[in-house]
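*Asks:* With the sequence up front, the predicted model follows.
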Amino acid sequence: MTFLRPQAALLALCATLAAQQDLATLVDQLGSTDHGQRSQAYNELVRKRDVAVVPLLGKRITTFPLAGQQFGVYLLQQQPIDATRTLYEKLTNADAAFLRAAAAAQLARNGDRSKLPILQKAITKATAEERSYVLNCVWSIEDPGVASALRTYLDAPGNAGFVVSVLQHLRPSEKPRSPDTERAVLALLANPDLAIRAAALAWLAGGPGDAHAKELATVLRATPERLWQILFLFEADRKLDPDLLDAIGTAMAKATAKHQISQITTILRAQNADFAVTALRSLLTHTNEEVRKGALEALATIPGGLDQPTLVRMLTDSAPEQQLVAAATLRRMDDVSGLATVIALAGKKGNHLAETARVLGGFRCDDAVPPLLTLLDDGDANVRQTAWQNLQTQWRDLFPYRRFDFATSGYDPQSASRSAGLATLRSWWDARKTKR
């Protein structure tokens, strides 16, 4: 057995006490009314991921403001259930309905279904301010009683974003759809808030007869930006009215980000792949570069979405990001005609260089190596890192029997001193390529 000397033991004890004090201070800051301080404390506690935070939260979480309670719940969810179960049991009797709901939901997710009645009651007792927080803690709970409790939130919906969240929570547990939810959604059609009515119409879309499709199509044509709020209420297994589908396709032109194109493509492909291709192709000349790139990438995932002649044209008459997608897509079609374009792009400054390095790595040929070596000395660390990763993959493919020890090459993409490592890499490449 090893014993610490008295001085060392004292230093270790002091360090432990300091760490505990640091945790306690951060937990206290979760109760701050200052959003910045509260968020900073939460982020630091996430980074530490110390199980010692559990008893500290047990002492303070009930005194926090609602936002601080939510942070506390998130921190508890990151710890093993064996370390948090006792605290969850205690919180099922908390005054705050949100804490009761969060605790009961986590215990139910971990096998204690006896807590579902507590969860149901907490859902219905939550204040208007607590309701959105409660929604965030009932994920993956599929229970008729919980669904019934959540359905009461549609009686006084508040805003459209909240309605969408409630319906998204209800949908997984309602297969087939609940007649009670349908009645609650139909009642929302009388709401004076157009955004709430649009959410209700989206949930009803594709139902028998789809009596409301024309109305939603009219709404989307008048306010196409509303599509992104209600998008996830459409279901792939419900056939949409052609007029509504056309309105959705037209509304795509109001997209502002690449991820929106990916989201809508999932819906359109399930409805009509040919229609999806037509709608996406119309975005290839969109004024927003992100949208153009999103449409191109989406088309590349649809069989026949991009034909070879179109891709070849794009190698010369489109933006760098689109040229890269075109070249990568052609390569997957066993057409390497885009390599020259990618090599040329590697020599031009711009925000495209990291993606250029990634695309170069896919070609697996000698001609792609020199530009990758050049990018290893780019001024952007992200470009260097991407080039480094792809060079390693490429050399392992090109020289399966000639191993190069990358770890001892002396090159580090994050280091300011890269010349020696680069010289080693270039020397190895020059020696090997002359023997091929």
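*Replies:* Structure's in. What do you need?

*Asks:* Can you tell me what sits against stretch 166-183?
*Replies:* If you take C-beta atoms under 8 Å, 6 or more residues apart in numbering as the criterion, stretch 166-183 is touched by 135, 138-139, 141-144, 146-148, 150-151, 153-154, 157, 185, 199, 203-204, 232-233, 235. Glycine gets a C-beta too; all of them are placed from N, C-alpha and C.

*Asks:* Quick check: PyMOL command selecting the buried ones in those.
*Replies:* Selection of buried members from the contacts of stretch 166-183 for PyMOL, criterion 16 or more other C-beta atoms under 10 Å:
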select buried, resi 135+138+141+143+146+147+148+150+151+153+154+157+185+199+203+204+232+233+235
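
*Asks:* What about the contacts of stretch 166-183, which are in helices?
*Replies:* Of those, the ones assigned to helices by DSSP state H are 135, 144, 146, 147, 148, 150, 151, 185, 199, 203, 204.

*Asks:* Next, the buried residues of stretch 338-348.
*Replies:* If you call a residue buried by 16+ other C-beta under 10 Å, then stretch 338-348 has these buried ones: 338, 339, 341, 342, 343, 345, 346.

*Asks:* So for the residue positioned nearest the centre of the chain, what's the pLDDT?
*Replies:* Residue closest to the mean C-alpha point of the chain, counted by C-alpha atoms, centre = their mean, is residue 259 at 9.4 Å. Looking at residue 259, its pLDDT reads 91.

*Asks:* Setting the sequence-adjacent residues aside, check what's closest to it.
*Replies:* Distances taken as C-beta to C-beta, 6 or more residues apart in numbering put residue 294 closest to residue 259, at 7.3 Å, once the chain neighbours are dropped.

*Asks:* In this structure that neighbour contacts residue 256, no?
*Replies:* No - counting by C-beta atoms under 8 Å, residue 294 sits too far from residue 256 to count as a contact (10.2 Å).

*Asks:* quick one, which of those two is more surrounded?
*Replies:* residue 294 (26 against 11; other C-beta atoms under 10 Å).

*Asks:* Okay, that one and residue 376: tell me how far apart.
*Replies:* 29 Å (C-beta to C-beta, to the nearest Å).

*Asks:* got the end-to-end distance for stretch 39-59?
*Replies:* One end of stretch 39-59 sits 20 Å from the other (C-alpha to C-alpha, to the nearest Å).

*Asks:* Report the rounded mean pLDDT for the helix or strand hosting residue 324.
*Replies:* Remark: residue 324 resides in helix 320-332, with elements defined by DSSP states H and E. Helix 320-332 comes out with an average pLDDT of 87.

*Asks:* and if you look at stretch 359-379?
*Replies:* For stretch 359-379, mean pLDDT is 94.

*Asks:* And stretch 405-417, by the same measure?
*Replies:* Averaged across stretch 405-417, the pLDDT comes to 85.

*Asks:* got the buried residues for the helix holding residue 324?
*Replies:* 320, 321, 322, 323, 324, 325, 326, 327, 328, 329, 330, 331.

*Asks:* What's the first helix or strand after it?
*Replies:* Criterion used, DSSP H and E; the element after helix 320-332 is helix 339-346.
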